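Enquirer: 3D, please:
(one chain, ligands or ions: 2)
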Amino acid sequence: MQQELKIKDKTFEIYLSEEEIKKEVFRLSEEVRADFDSDNLVFLIVLNGAFMFASDFLKLCEPNCFISFIKISSYQGTSSTGKVNFESEINVDLNNKDVVILEDIVDTGLSITELSKKLADYNPKSINICSLLFKPDSFKGEVIPDYIGFKIPNKFVLGYGMDYLQKGRNLKDLYQLKE
Ligand code: IMP
Ligand code: MG
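Expert: Numbers count the residues shown, from 1 in each chain. Ligands and ions are numbered 1, 2, ... in the order given. All right, here's what the predicted structure looks like:
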């Protein structure tokens, strides 16, 4: 594991190791699994950022759950644009289903707030949000995540699915912007 790395104009330092993340993903999956009947459960993966978290998380879940994807964007560089773009549609039946949204990180909370409102139109039985990371000091949304891995300070992070200008997503560990 590299202690420090440079991507474009920014330097990042190690924040959470692959082992620490894996342990928390395991704990989160146990928590979520205990709360739902997997037969009626739809996991909705928020692309792009959540792909790595979702991949590890879902390997620990029952094979009879539904899995679907939605692509949303709101970030440019190291900050939120304040606008949420839906780049794909919901393409799974959510009627009377328990929906668990899988997110990499909840920062301002704008994305999950907009997504939850959109999902409500599809008549699900329940909507819950499971986010690996949460930045409470940055949060100004209406919907708080129901399942949270790590609460982290209001600093830009990179790796484990999360990017800086589309780079660094494939890092196994999580890095933090060095200032
Ligand atoms: P929010 O709408 O501000 O809560 O953030 C939405 C999305 O922006 C997250 O799902 C991430 O994909 C991305 N994002 C937020 N904070 C960070 C960060 O620190 N690093 C990388 N991506 C982030
Ligand atoms: Mg995301």
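Enquirer: Look up how far ligand 2 lies from Asn64.
Expert: Per CB to the ion, to the nearest Å, Asn64 is found 26 Å from ligand 2. For glycine as for every other residue, the C-beta is placed from the backbone atoms N, C-alpha and C.
Enquirer: mind checking the SS state of that residue?
Expert: At Asn64 the chain is in coil, as set by DSSP: H, G, I helix; E, B strand; the rest coil.
Enquirer: Provide a list of residues in contact with it.
Expert: Ser38, Asp39 (CB atoms under 8 Å, 6 or more residues apart in numbering).
Enquirer: now Arg27
Expert: By CB under 8 Å, 6+ apart, Arg27 lies in contact with Gly149.
Enquirer: sec struct for it, please.
Expert: Following three-state DSSP, we place Arg27 in the helix state.
Enquirer: next one: the one 4 residues further on
Expert: With three-state DSSP as the basis, the three-state label of Glu31 is helix.
Enquirer: where does the closest residue to ligand 2 within the chain land in three-state SS?
Expert: Of all residues in the chain, Gly49 sits closest to ligand 2, with a separation of 3.2 Å (CB to the ion). Following three-state DSSP, we place Gly49 in the coil state.
Enquirer: Next, count neighbours for it.
Expert: By the measure other CB atoms under 10 Å, the count of residues near Gly49 is 23.
Enquirer: I'd like the distance between it and Ser111.
Expert: 10 Å (CB to CB, to the nearest Å).
Enquirer: so which helix or strand takes in Asn128?
Expert: Assigned by DSSP states H and E, Asn128 falls within strand 126-134.
Enquirer: re the thing from before, can you count the residues close to the residue nearest to the residue of the chain closest to ligand 2 when sequence neighbours are not counted?
Expert: With CB to CB, 6 or more residues apart in numbering as the criterion, Gly49 has its nearest non-adjacent residue at 3.8 Å, and that residue is Asp104. By other CB under 10 Å, 26 other residues sit near Asp104.
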